[in-house]
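> Next comes the sequence, and after it the predicted model I'd like to discuss.
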Amino acid sequence: MSWLWQRWTMSVWQNGHGILVTLLVIYLVWGELQKRQELPRQSNPWGFAILVPALIVHMLDTGLNSQLLSAFALFMSLPGLALLFLGTERTKAVLFPLLILILTLPIPLVLTESIHMALRIIATKSVAWLLKAFGVPVYSTGTLLQVETGTLQVADACSGFSTLYAAVTIAILTAYFCHSPSRRILVLMIAAPLAIAVNIARVLILTLLVKWIGLDVLATAAHEISGLLTFMVALPIIFKLGQNPLPQQNPANEPHQ
């Protein structure tokens with residue numbers, strides 16, 4: 001848990017969504033358990049069938065010392081603990097949110113390097129096209145953007161992968177609790193494009209700030225704040241799209257005064 005906390009709080013650009021998703025899972029699990037307070041608490045010993053393998057995985061990582069494997073074992077053990085302490089019915093209700101916690105684990109860069117590069121190129125080319133459309137002189141090559149006052153590189157931290165990872169995770173969780181099939185499809189389909197679009201807007205704003213103020217602006221809080229804004233914009237939109245429409249009242253059924 002300590003290692004996970006360090007990774008979640010290391011940087012906005014690296015698994016910053018872990019804290020948000022964990023808090024959301026706790027909220028959803030608590031809500032589901034509150035709905036089922038009347039159910040009897042009957043411990044299911046099959047929980048050991050999950051808990052024991054999870055402990056074995058953790059023991060293996062004491063030799064490998066990857067920490068990531070131990071974090072996986074931690075989340076792997078939660079359904080087993082739920083069966084032991086909450087019973088079968090309650091575990092069924094909270095199983096999916098517990099499994100979603102797997103998507104808060106840091107993904108090794110070696111597995112996502114190609115995705116980072118693709119996102120960086122998309123952001124660079126898109127921002128260059130938008131700047132030219134606005135009449136702003138810009139030259140782009142690879143992942144470099146050159147304006148009058150300096151040259152910016154769209155690095156891995158600015159690729160938007162963290163926002164994409166968070167958006168997809170939140171979309172899956174939102175879609176699961178959404179009762180409308182059409183809204184489920186909408187939420188799942190819009191998550192990735194929305195995350196990419198928000199990151200493009202962020203890189204565009206930073207590039208314009210560099211043009212107007214200079215490269216020193218990247219050393220200010222504006223750089224970090226812009227990263228937080230990508231989460232603050234994309235994730236609430238996903239939540240909103242996942243909300244079911246309120247049933248409309250039929251005026252004909254309303255009592256006459």
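Sure, I can see it. Only a predicted model underlies this, so the values are computations on that prediction, with no experimental measurement involved. Numbering: from 1, shown residues only.

> Show the contacting residues for the nearest residue to Leu101 once chain neighbours are set aside.
If the residues on either side of it in the chain are set aside, Leu101 comes closest to Phe75, at 4.6 Å by Cβ to Cβ, 6 or more residues apart in numbering. In this view, the C-beta of every residue, glycine as well, is placed from N, C-alpha and C. Each residue near Phe75 by Cβ atoms under 8 Å, 6 or more residues apart in numbering is listed here: Leu98, Leu99, Leu101, Ile102, Leu105.

> Tabulate the residues you listed (JSON lines), appending neighbour count.
Rendered in JSON lines, the data for the contacts of Phe75 read as follows (neighbours: other Cβ atoms under 10 Å):
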{"residue": "Leu98", "neighbour count": "19"}
{"residue": "Leu99", "neighbour count": "16"}
{"residue": "Leu101", "neighbour count": "20"}
{"residue": "Ile102", "neighbour count": "13"}
{"residue": "Leu105", "neighbour count": "17"}
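
> How is the chain partitioned into domains?
For the chain, the structural domains run 2-104, 109-242, going by automatic domain parsing.

> What's the mean pLDDT across stretch 124-131?
If you average the pLDDT over stretch 124-131, you get 94.

> List of residues touching that stretch?
Residues from elsewhere that reach stretch 124-131 (Cβ under 8 Å, 6+ apart): 137-140, 142-145, 147, 154, 200, 203-204, 207-208.

> of all the residues you listed, which comes closest to Leu194?
In terms of Cβ to Cβ, no member of the contacts of stretch 124-131 lies closer to Leu194 than Ile200, at 10.8 Å.

> how about that closest one, secondary structure?
Three states are possible here, and by DSSP: H, G, I helix; E, B strand; the rest coil the one that applies to Ile200 is helix.

> Check Lys211 too.
Lys211, by the three-state scheme (three-state DSSP), is helix.

> Next, count neighbours for it.
For Lys211, the neighbour count with other Cβ atoms under 10 Å is 19.

> my guess is it meets Glu148, correct?
Yes - contact between Lys211 and Glu148 holds when scored by Cβ atoms under 8 Å: they sit 6.2 Å apart.
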